[in-house]
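*Asks:* sequence? don't have it. structure:
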């Protein structure tokens, strides 16, 4: 049995909820998430803060990989590289992510972020596949 990643972040992923990130599609090895650019996500120069695009890529990559893993497994970022091609100031961001290779302990993933059908950044990431700790049951 594989993990299920909820489409809505409410009560599942507090940071995604904070920046307004939501998934529109999650399938084994693939995810698509969106985010509406808001004024509070801009840097002092009036363009999208690079950390927002980075967070979208990181979150999208994790969802794509986790969706391939069996129950009791998860992943954590080992490294993530991102290239910014152009600034974004308004509109919708779309991050499409696909797993390029999933091994027993490592996954390699790519993400592309677009703003109004224009590619603004591309990222690659390496993730460690881990066992989730058993949580004690409360009585």
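*Replies:* All right, it came through fine. Note that the structure is predicted; figures quoted are calculated from it, not measured.
*Asks:* Could you pick out the longest strand of this protein?
*Replies:* When the chain is parsed with DSSP state E, its longest strand is strand 118-131.
*Asks:* In it, which residues are buried?
*Replies:* 120, 121, 122, 123, 124, 125, 127, 129 (16 or more other CB atoms under 10 Å). To be clear about C-beta, it is placed using only N, CA and C from the backbone, and glycine gets the same treatment.
*Asks:* Mind giving me the packing neighbours of it?
*Replies:* Packing partners of strand 118-131 (3 or more CB pairs under 8 Å, 6 or more residues apart in numbering; DSSP states H and E): helix 50-66, strand 73-84, strand 106-115.
*Asks:* For residue 50, see how far away the nearest residue to residue 91 once chain neighbours are set aside is.
*Replies:* Excluding the flanking residues, the one nearest residue 91 by CB to CB, 6 or more residues apart in numbering is residue 116, at 4.6 Å. The gap separating residue 116 from residue 50 is 18 Å, by CB to CB, to the nearest Å.
*Asks:* Hmm, residue 34 is touching residue 113, no?
*Replies:* No: judged on CB atoms under 8 Å, residue 34 makes no contact with residue 113 at a distance of 10.3 Å.
*Asks:* Which one's more surrounded, those two?
*Replies:* Set side by side, residue 34 and residue 113 show unequal neighbour counts under other CB atoms under 10 Å, the larger going to residue 113 at 27 against 15.
*Asks:* distance of residue 75 from residue 93?
*Replies:* For residue 75, the distance to residue 93 - CB to CB - is 23 Å.
*Asks:* ok, back up a step: please enumerate the shared neighbours of residue 34 and residue 113.
*Replies:* 93, 94, 95 (CB atoms under 8 Å, 6 or more residues apart in numbering).
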